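1. Compute the structure for the input listed below.
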Amino acid sequence: MTGSRKPAEQAEDVPKPSVEAGGEVAVEGAVRGPASSFRRNSTMNIGRLLISTAAGFVLPSYLIHRLPVTTYSAWVLILQMSAYINYLDFGIQSGISKYVAEYDVKDDAAGLNLRASAGLALLLIVSSIGVVLTLMLAWQAPNLFHEMPTDLYRDVRLGLIFVGVSTSFSLLCSIFASIFTGLQRFAVPTVLSTLNRLLFVAVVLIAVALHSGLAMMGAGVAAVNVATGVMQFLAWRRYARRVRLSLRGLDYGVLWKMVTFCSAIAVLTVAMLCISGLDVTLVGRYDFRQTAFYSIASTPTNFIIGVMGAALAPLLPSASALSVVRSPRQMGDLLAKATRYASTLLVVSGVVLLVGGYWLLRIWVGAGYAVQIVGYLRILLVANVLRNMCAPYANMLVATDSQRIAIVGATAEAVVNLGCSIYLARHIGAMGVAYGTLLGSFVGVGMHFGLSMHYTYAKLAISRVRLFLSGMGRPLMVAVPTILLTPLWWRDGAAAFSVPMWLAWAVSTLLLLWFVAIDAEERDGLVRFAARRLRSLPAQG
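-> Predicted coordinates for the structure are as follows:
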């Protein structure tokens, strides 16, 4: 396991900068070292997400058939409000990962320790705020959700306190995962995150099987959060204690620099809360009985975004380290490639769910629920696929300490998203929240290309036209067959496809993926990889 390796062995994986003729900075093994590390870490993250999501898909299907719709809706709101505590991170974890990665490359142990300790101090503050926020939300729950049955208020309050306070503790313990991420050693946090998710599902399933109330379900989740937080601490002591943490020797200059770094991300975090964090809560307030259906519709979408996020998670520490030794043009090329990969993943998974989403929902939660959910699913899919095509750019803004540039665009998207969602929810219910998300996504992408990228050319040297055409345009071509057949699948039930039409749609989509979204070098690489795997099968047998 990666976590068992010694610091000296890790240092051999870090490319060492050297100065070439003409003053250009190069990196030994610049192509292979970081690329292989990025692929390995992305693979681990995706594997963790697939396992966690597989477990997570079991839970809603089980709960929605074992609990009354109102009780399940209340449980969804407990989890949603507790999740707001994670927004208090305000980019602190990203800052820790970024500075640990940079100072580890520089082999500056003192600078690394000072910045990690500053991150610990900030996480201690925000986790304390999380406890206070939890108590306030529990107190105000009846006023926030006046359509909720009154007999649920007591259990909702207790469940929220259990889950919210334990989530605050988990936020504090995230310092250890951030350190591992900065060191680009993803194995330990990946294992512990997966374990947390599996235990979460297990305790909720057991509580419901024993006919326990929402309070006991919350208590079980709290026990899991506390246990995995303690495991993170023990993992740091065992595998990464060379990164020392101390509140006694805080350097207030370093602390202020960390606050300055995080201030822009804090604004972006608030914007993200308005963009994607309030949807379920707004539905609960304005159309409570649709809360369960809306939350289930968001699960497949969140899965797609989660897979992409897991694949891109190593981009921040990798780009932070590479920005020290790479030219702006090389960083621009990295952005173009990362955007194309992310957009391809989003578009391919998106068109599959757009066309076949009803059947997935029918298998997952049953035909009765599928009809009510599929409309939300399609709107949310289009909105989130579109806006998350710019996720690599957002990651690299943080990696190059340029996140302030994105504030205007993110704020504009947040205002449009939240304003339209509230207005439309008051008039047409839950579907209005979905339409608000869609309108906001157009504003977000437009602001990135129309404004933000103009000011980041000095660090990410790539033209906006090239980035759009190569990074987003090529992957979007994969969706052409789906778009042409829209009248046949955008309906309340299943797509009106015959067997030959299903075959034609699938073949044409795959051909566009192979010949348009993927370039010749990547096709050759995939063919060689498949050939090697096929040749190895007899030996494995």
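2. what about the strands in the protein?
-> Chain-ordered strands for the chain, with DSSP state E as the definition, fall at 17-19, 25-27.
3. Enumerate every residue touching the closest residue to L88 other than its chain neighbours.
-> Sequence neighbours aside, V126 is the residue nearest to L88 in space, at 4.2 Å (criterion: CB to CB, 6 or more residues apart in numbering). Glycine gets a C-beta too; all of them are placed from N, C-alpha and C. With contacts taken as CB atoms under 8 Å, 6 or more residues apart in numbering, V126 has the following neighbours: 88-90, 92, 171.
4. top of the residues you listed by neighbour count?
-> If you count neighbours using other CB atoms under 10 Å, the busiest of the contacts of V126 is I92, which has 28 neighbours.
5. Was I right to think it contacts C262?
-> Yes - shown here, I92 and C262 form a contact pair, counting by CB atoms under 8 Å, at 5.6 Å.
6. can you list residues touching both of the two?
-> Overlap between the neighbourhoods of I92 and C262 consists of L122, taking contacts as CB under 8 Å, 6+ apart.
7. N113 and V445: what is the separation?
-> Going from N113 to V445 by CB to CB, to the nearest Å gives 40 Å.
8. What of M231?
-> From M231 to V445 the distance is 39 Å (CB to CB).
9. Give me the residue ranges of the stretch 51-200 of the chain where confidence is low.
-> 51-56 (pLDDT under 70).
10. and the longest helix along the chain, which residues are buried?
-> For the chain, the longest helix by residue count, based on DSSP state H, is helix 328-365. By neighbour count, and taking 16 or more other CB atoms under 10 Å as the criterion, the buried residues in helix 328-365 are 328, 331-336, 338-355, 357-358, 360-362, 364-365.
11. Hmm, S170 and N225 touching each other?
-> Yes - counting by CB under 8 Å, N225 does reach S170; the two are 4.8 Å apart.
12. The nearest residue to A227 once chain neighbours are set aside - how many residues pack around it?
-> Across the structure, with CB to CB, 6+ apart as the measure, the residue nearest A227 apart from its sequence neighbours is L199 (7.4 Å). When counting by other CB under 10 Å, one arrives at 18 neighbours for L199.
13. Equivalent analysis for C420, please.
-> So C420, with other CB under 10 Å, has 19 neighbours.
14. what's the spacing between the nearest residue to it once chain neighbours are set aside and L273?
-> The shortest distance from C420 to any residue other than its chain neighbours is 3.7 Å, reached at G436 (CB to CB, 6+ apart). Computed with CB to CB, the distance linking G436 and L273 is 14 Å.
15. next one: V307
-> As defined by CB to CB, V307 lies at a distance of 22 Å from L273.
16. which residues touch the closest residue to R426 other than its chain neighbours?
-> Among residues not flanking R426 along the chain, Y286 sits closest, at 6.1 Å (CB to CB, 6+ apart). Residues touching Y286, when contacts are defined by CB under 8 Å, 6+ apart, comprise 422, 425-426, 429-430, 433.
17. Now with 7 Å, please.
-> For Y286, the residues meeting the contact criterion (CB atoms under 7 Å, 6 or more residues apart in numbering) are 425-426, 429.
18. Separate out the buried members of these.
-> Of those, these count as buried by 16+ other CB under 10 Å: A425.
19. Keep only those of the contacts of Y286 that are in helices.
-> 425-426.
20. Now distance to V105 and pLDDT too, for the contacts of Y286, in CSV please.
-> Formatted as CSV, those follow (distance: CB to CB, whole Å; pLDDT from 0 to 100):
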residue, distance to V105, pLDDT
A425, 48, 95
R426, 52, 93
G429, 52, 93
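21. what's the closest of the contacts of Y286 to Y393?
-> Using CB to CB, A425 comes nearest to Y393 of the contacts of Y286, at 29.9 Å.
22. what's that closest one in contact with, if anything?
-> For A425, the contact set (CB under 7 Å, 6+ apart) comprises 282, 286-287, 432-433.
23. let's go with 6 Å and repeat that
-> Counting by CB atoms under 6 Å, 6 or more residues apart in numbering, A425 touches 282, 286, 432-433.
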